[in-house]
Every structure is written in structure tokens, then in C-alpha cells.
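Engineer: All I have is the shape, not the residue letters:
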């Protein structure tokens, strides 16, 4: 296993998850009072997962699959996580507007003018459709 | 037979209620609109629109709308394949070959018409099959016990892992991951929470809709961010829609054969959508007198896979509605939606919820007709939609996904789950891991777990009970045989590849 490709990193993460599930399900109990314990199915599933993952891990990497993660999508994904936290704390309007301005201005290099106008138009539409018309129990503003 | 007709008439009575017609219309319209957005496939479209159906209340209306969204989204995916050369999902990959070649030849309009009509024929053919085969399977399934259900669920997971278009071993690996995550929450047998780590919001399990929206919706947008500075796709021109007499002739036989292949392969639990499009395309090329035209814009190369993928997608509803086991990932998402509406699909559904069962079947006929009426006259609108810049669309999709995930349980936990699943979806796509088997196993996890535990109880702890009952033994035998053949074929293909490369190395 010379190269630590993206596939192998992903597989290693799955092996770690499988080991965690194996330990947790063993602790839940595999067989109790003549009945299958709640840990039995996940324990067997996690063991099989470890075996299959190890097989995948040691497969020869396909040269056509040497893709690398790019920073922008990962940072954008983390940006979405920050948006979710702000959405929960501050309501729909402000975080959505700020997120959309940053999205258009910095990811797609739109002018400030078109970023601000499009972000405002989308935010207003969302508030009207989901909060005013569909009456979802969401807060629009921080208070 | 008479009983089926009278029940179907009852279904039409449900489907023709004015509000249900409106839901079917809205579903077709919204499904097409979201399915058409470049970079978002039908699966993402359905996941994104699913929360809209929660507020409807009546399960029949809600499922009617969802069924319509499925049709609309699949047709939307075909439009991007034909005009943009961007397949909405794996099922539309084959349509790209001749569909876009027809567009290049100035026949984009006829390609869209052929695609719409063959999709309609394929879908209608499969609904007819579902109407008459469905009740028979449901009756037969009444004698199924836990070992049979375990075997069926296992086959669903195994087939989805190997037929989803990715590599089989990776598919199996992700299926097991999906199964483990699907088991988080309250154990159905003992009523005890499992893997929740004290988090109350996990007691009802990880919400599959938020996960699917993240994996397929947000994940796709993150993948698209890599190409944000690329030049715009060139959209093929659509002048006239009417195919020539020769094109009709070439497409008609292929449509019928594609529908038949799609229906049969779509019945396989685990999903034969991709397989059906490939088999129908290869079959058409083999029997054609001019196989060299395939790839250059042959109408049969559009008609066959489009009929097949719609027939296969609809056939996936047969195991879902009659056995409670989704035939493909689309049906798996519908299963999640049904369960949210407190409807448990399976052999008892016809008796317990006849309005839902027959209403859904009848609305499929209605939805298919609405789609046909809606799509062709509105082609100009769909082409305009393709011109909306992705930076606007992607922003809107993220906002709607976040609101949709929140509306599942009016809780921000699911919105966080959506964001994390989006990042995982991006990494999985880059690492070349197809997430379909994950979703299938995730949804089937509880059935697998409960039927496995109940089977062991029936056999006093002896798992051999599954091999002592004829139906489960046959099903498990077939699954093992299928897996063995798959791996032998892969090994042989690899060996041939090595042999092939030897001379070139010299």
C-alpha cells in the first residue's frame, strides 16, 4: 500500500467507523436470555464491513481515479455549516442574505452590485414563500 | 381480474379528485423544473422536493405528488442529457450518446419528443404491469415470514451494491456502512435506544431525507464548484419538435422493447435502472440493420434507454408497494416518505390503505399523461431554465435544502446533518464511491435487523432456519450465486485486461 490515495483515506475512515460500531455493538450484547441481543446484527454487519473494507484498502489503485480534493468545495461545505449555525441563532433573513452575497461575490466573482441585488431578491422570496405563505415555524430575524 | 378493475376504478376516483389532480400537476411541474437544473439529478430533485409533501397531510395526496415529482424529475434529467450533454444521473448516461448527437445534427427537438413519448410508453407499460402483477405478488407475500423478508432485504442490498454503477466491492462496503447508520435509534424488537450516545434527537434514528438531500443535493453543488470558472455549456438549438416519419419508425419498435426490458429488470429488488438502459441500448444496436448509426444520432438510441429507465423506475414500485422493499433508490426515498405519513408498504397495504395503493397506481397513469401534455408545449420554458446561471441556482438550492431539512421535524439538527452529508457526498464523489447502496441499505436496515432477529427466534437461535424454508432458501441461494458470478466475471475481466496489456508493454 504505497500510495495514500483519496479512495484509501475514505476506506480508512470507514474502517475506523466499522471498528467503533463493532466495539459499541459488542457492549450492547450479542445474545441475552436465549434471545438475540440488540448488538447482534450491527456486530455481524460491522465485522463484515471490516473484512470488505480491508479488501478494498489493499486493492491496486486505479490510475484513472487519482483525483484530489479541492479546497474551495471543502471550504464552501464548511461555510454551509457556519450558515446553518447562524440560521439557527439569527433567523432566516440575515444569514441567508450574507451567505448569498459571499457565494456570488467570492465564489463566482460577480460584481458587488449584482451580488447584493440577487441576494436581496432571493432572501425576500424565501421569506415570502416559506414564512409568509407556507407559514413554516421559522424565525425571520434574531428577535 | 374484475376485482382489479373495480379497485383500479376506485383508484381513479381518488386520483381524479380535484386537489389530487392539482398535486399531480404541481409534482410534474416542480419535478421537471428541479430535474432540469444542470448538476442536479432526479434523485437530488426528489430529495429536495420531498419536504414540500409533508404539509399535505393526506397520505394518498402526498404520495401522488411524490410520484409525479419522480416522473417530472426523470424527464428533466433527459432534457439536460439531450440538450446540454450533461446527464442528470447515471440512468441518463446512455441517453446522452445519441440524444446529444441528434441535437448536434439539428434534431434536438425531435429527440426531446421521442424521449418524452418513449418515457410515457415505458412508464405506462410498467404501471399496467404494476396494476396486474402487484396484487398477485402482494397475495403471495402474505405467506412470507421473517426469513423470507430477511432474504428479500438482503437481496435488495446486494443487488443495489452491485447494480448501482459503481464498483461492486465498494458498493457492498457502502451498503454495510448504510446499514450500520440505519440502525442508529430505537431498536424495534427491544425498544431500547442504540448508538444514540445519549442524544435524544437520535432516538428516532438519523433522518434519511436530510442525509439524501445532503449527499445528492448539496454534495452535487460542491462538486460543481470545481468547474465554476469553466465556460458555459452550449445549449443545443430546438427548432421543430416533430420527428420525421423515418424517426418515428425507428423509435417505435425500440420503445416497446425498451419498456419490456426495463420492466423486467426493474423488478429486481436492488434496482436495475442503469442495467436496463444499458441492456436495451446494446440490444437495439445488435438487432439494428445500421448499427454504425448508434452514437451518431440514432432515434432508437434515445427511445430504448428512455423507455427502459422509466419502465424500470416504475417497476421498482412493485416490490415497494407489495413487499415493502424498495426496488431502487428512488423507491427507497418514497418508502421513507410513506413511513413519514404512517403508511407501511407491504402485502397488507392493499387491505389497510386501499386509497393509497390504488390511488397511487391510478395517479401514475394520470401523472404520466399530465407530464406528456406539460412537457412538449413547454419545451421553450425548459430551454430558458437551462440558461439561468448556476451561481444563482446553486445558492437557491442550498437555501431551499436548509429550509426543507428544517421542516422535516422543525429542528436544526437535520439542517446540520444536511451540511455534513453534503461534505461527505462531495468527498465520496471525488473518491469514486457511488452512494446509492448506502441509501438503500440505510432504509432497509431496520427490516434486515428485525427479520434477522425474528428468524433466529423462530429457529431457537439456529440461523439454518433460513435455509430450511423453501422460499428464503431459494432467494438466498440465488443471491449467493449472483454474487459468486459477479466476482468471477470481475476476476476474468481483470485477467483479460492484464493479458491485453502484455503485448503493449512489449
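Structural biologist: Great, that's in hand. Here the structure is a predicted model, which is why all the values come from computation and not from measurement.
Engineer: For the host helix or strand of residue B:178, name the packing helices and strands.
Structural biologist: Assigned by DSSP states H and E, residue B:178 falls within helix B:168-182. Under the contact criterion of 3 or more C-beta pairs under 8 Å, 6 or more residues apart in numbering or on different chains; DSSP states H and E, helix B:168-182 touches helix A:6-28, helix A:40-57, helix B:146-163, helix B:436-458, helix B:470-505. Bear in mind the C-beta positions are built from the backbone N, C-alpha and C, glycine included.
Engineer: For that helix, what is the distance to the chain centroid?
Structural biologist: Offset of helix B:168-182 from its chain centre (C-alpha atoms, centre = their mean, to the nearest Å): 18 Å.
Engineer: just stretch A:6-18 next, same as before
Structural biologist: That offset, for stretch A:6-18, works out to 16 Å (C-alpha atoms, centre = their mean).
Engineer: If I take the helix holding residue B:178 and helix B:146-163, what angle do their directions form?
Structural biologist: Angle of helix B:168-182 versus helix B:146-163, following axes from the mean of the first three to the mean of the last three C-alpha atoms, to 10 degrees, is 130 degrees.
Engineer: Could you check the angle helix B:168-182 makes with helix B:436-458?
Structural biologist: 60 degrees.
Engineer: Adjacent strands (with direction) for the helix or strand following helix B:168-182?
Structural biologist: Going down the chain from helix B:168-182, the next helix or strand is strand B:185-186, by DSSP H and E. Taking DSSP bridges as the criterion, strand B:185-186 forms sheet pairs with strand B:193-194 (antiparallel).
Engineer: and the partner strand, what's its mean pLDDT?
Structural biologist: For strand B:193-194, the per-residue pLDDT values average out at 92.
Engineer: what about the helix or strand just after it and chain A, any contact?
Structural biologist: Sequence-wise, the next helix or strand downstream of strand B:193-194 (DSSP H and E) is helix B:208-212. No. Helix B:208-212 does not reach chain A (C-beta under 8 Å from any C-beta of the partner chain); its nearest approach is 11.2 Å.
Engineer: Which other helices and strands does helix B:208-212 contact?
Structural biologist: helix B:42-49, helix B:329-340, helix B:390-409, helix B:412-430, helix B:436-458.
Engineer: can you list the domain ranges for chain A.
Structural biologist: Under the assignment automatic domain parsing, the domains of chain A span A:6-65, A:71-133.
Engineer: what sits up against the helix or strand where residue A:122 lies?
Structural biologist: Element membership for residue A:122, per DSSP H and E: helix A:112-126. With C-beta atoms under 8 Å, 6 or more residues apart in numbering or on different chains as the test, helix A:112-126 has contacts from A:92-93, A:96-98, A:100-101, A:103-105, A:110, B:392, B:395-396, B:399-400, B:403.
Engineer: Would you mind finding the most buried of the helices and strands packed on helix B:208-212?
Structural biologist: Counting by mean count of other C-beta atoms under 10 Å in any protein chain shown, helix B:42-49 has the highest mean neighbour count of these, with a mean of 29.
Engineer: Let me see the residues that make contact with that one.
Structural biologist: B:27, B:30-31, B:34-35, B:37, B:40, B:66, B:69-70, B:72-74, B:76-77, B:88-89, B:91, B:209, B:212-213, B:216-217, B:220, B:329-330, B:333, B:397, B:400-401, B:404.
Engineer: following it, which helix or strand shows up next?
Structural biologist: Per DSSP H and E, the first helix or strand lying C-terminal to helix B:42-49 is helix B:59-84.
Engineer: Next one: that following helix, is it in contact with chain A?
Structural biologist: No. On the criterion C-beta under 8 Å from any C-beta, helix B:59-84 is out of touch with chain A, staying 14.6 Å away.
Engineer: Might you list the low-confidence residue ranges for the chain?
Structural biologist: Going with chain A. A:1-3, A:64-66, A:143 (pLDDT under 70).
Engineer: should've been chain B
Structural biologist: Ranges of chain B meeting pLDDT under 70: B:1-2, B:38-42, B:88-91, B:163-166, B:229-236, B:269-271, B:494-506.
Engineer: Pull the number of nearby residues for residue 8.
Structural biologist: Unless you meant another one, I'm taking chain A. Neighbour count of residue A:8, defined by other C-beta atoms under 10 Å in any protein chain shown: 17.
Engineer: try chain B instead
Structural biologist: Residue B:8 has 18 neighbouring residues, counting by other C-beta under 10 Å.
Engineer: Would you agree it is in contact with residue B:361?
Structural biologist: Yes. Counting by C-beta atoms under 8 Å, residue B:8 does reach residue B:361; the two are 6.8 Å apart.
Engineer: Identify the contacts common to these two.
Structural biologist: residue B:131.
Engineer: For the residue lying closest to residue A:29 once chain neighbours are set aside, give me its contacts.
Structural biologist: Distances taken as C-beta to C-beta, 6 or more residues apart in numbering or on different chains put residue A:37 closest to residue A:29, at 3.5 Å, once the chain neighbours are dropped. Applying C-beta under 8 Å, 6+ apart to residue A:37 gives the contacts A:28-31.
Engineer: roughly how far apart are residue A:37 and residue A:106?
Structural biologist: From residue A:37 across to residue A:106, the span is 52 Å (C-beta to C-beta, to the nearest Å).
Engineer: quick revisit: so which bits of the helix holding residue A:122 are buried?
Structural biologist: For helix A:112-126, the neighbour count (16 or more other C-beta atoms under 10 Å in any protein chain shown) marks A:115-116, A:118-119, A:122-123, A:126 as buried.
Engineer: any idea of the angle that helix forms with helix B:390-409?
Structural biologist: Using the same axes, to 10 degrees: helix A:112-126 against helix B:390-409 is 30 degrees.
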